[in-house]
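Trainee: let's see this in three dimensions:
(one chain, ligands or ions: 1)
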Amino acid sequence: MARGNTGTRRIRPNILITGTPGTGKSTTAAALAEATNFRHICVGDLVKEKNLHDGWDDKFESYILNEDLVCDELEDVMVAGGNIVDYHGCDFFPERWFDGVVVLQTENSILYDRLTKRGYSGTKLSNNLECEIFGILLEEAKESYKEHIVTSLQSDTIEDISTNVARLTEWIGAWRS
Ligand SMILES: Nc1ncnc2c1ncn2[C@@H]1O[C@H](COP(=O)(O)OP(=O)(O)O)[C@@H](O)[C@H]1O
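Mentor: Numbers count the residues shown, from 1 in each chain. So this is what the prediction gives:
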């Protein structure tokens with residue numbers, strides 16, 4: 001049973017949706033939040049909006065996320081529960097925050113198309129494709145959370161999104177009752 005700071009069970013669970021960029025985290029998290037009336041927290045957007053970073057990394061072409069600032073910013077809402085958090089990493093959040101961790105996975109040629117459409121090329125593109133091929137995020141999730149709360153879901157097609165959102169909505173309903 002997941003517990004908040006007060007030692008009581010949260011009324012509404014927190015779910016982390018993770019995976020390589022382009023696997024559909026934001027799309028899935030937004031649809032799930034709408035279906036359940038939960039709050040969608042896109043950590044990448046939050047970092048930019050609230051400057052929770054230590055500047056821009058030219059090599060990785062992304063902001064250098066400041067883990068302490070992100071964790072401080074989110075602590076109160078996470079203790080309250082009812083959050084769908086999406087981020088392409090999962091090892092720095094407090095383990096106690098999450099009741100379910102979902103790792104989205106996408107077939108490589110499909111991911112290639114999505115990332116090139118997004119403008120990724122060169123090292124950034126190959127790093128992300130390798131990340132998916134080697135299952136880095138699933139590994140990270142299994143190392144960071146109890147294995148029974150970690151689920152991997154395929155996210156290749158629009159139908160997959162509907163199926164995944166329906167499954168997670170059902171899971172949230174069951175958790176709450
Ligand atoms: N399962 C899917 N089927 C078809 N298109 C998808 C799927 N998941 C994501 N997409 C598309 O891929 C792109 C990246 O999705 P996004 O949700 O931003 O991924 P992430 O948040 O993991 O980076 C978007 O254009 C989105 O519409």
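Trainee: which helix or strand contains the closest residue to L138 other than its chain neighbours?
Mentor: Sequence neighbours aside, V103 is the residue nearest to L138 in space, at 4.7 Å (criterion: Cβ to Cβ, 6 or more residues apart in numbering). (Each C-beta comes from the backbone N, C-alpha and C, glycine too.) Following DSSP states H and E, the helix or strand that holds V103 is strand 100-105.
Trainee: residues from the chain in reach of the ligand?
Mentor: The chain has residues 19, 21-27, 114, 155-158, 160-161 near the ligand, with proximity defined as Cβ under 6 Å from any ligand atom.
Trainee: what strands line up against the strand holding V103, and which way round?
Mentor: The strands beside strand 100-105 in its sheet (DSSP bridges) come out as strand 15-18 (parallel), strand 150-154 (parallel).
Trainee: out of these, which is the most enclosed?
Mentor: strand 15-18 (a mean of 27; mean count of other Cβ atoms under 10 Å).
Trainee: return the residues in contact with the residue in the chain that the ligand sits nearest to.
Mentor: Minimum separation of the chain from the ligand (Cβ to the nearest ligand atom) falls at G24, amounting to 2.5 Å. For G24, the contact set (Cβ atoms under 8 Å, 6 or more residues apart in numbering) comprises 104, 106, 155, 160-161.
Trainee: let's go with 10 Å and repeat that
Mentor: 17, 31, 86, 104-106, 111, 114, 153-158, 160-161, 164 (Cβ atoms under 10 Å, 6 or more residues apart in numbering).
Trainee: just the buried ones from the residues you listed?
Mentor: Among the contacts of G24, those scoring as buried are 17, 31, 86, 104-106, 111, 153, 155-156, 160-161, 164 (criterion: 16 or more other Cβ atoms under 10 Å).
Trainee: thanks a lot, see you next time.
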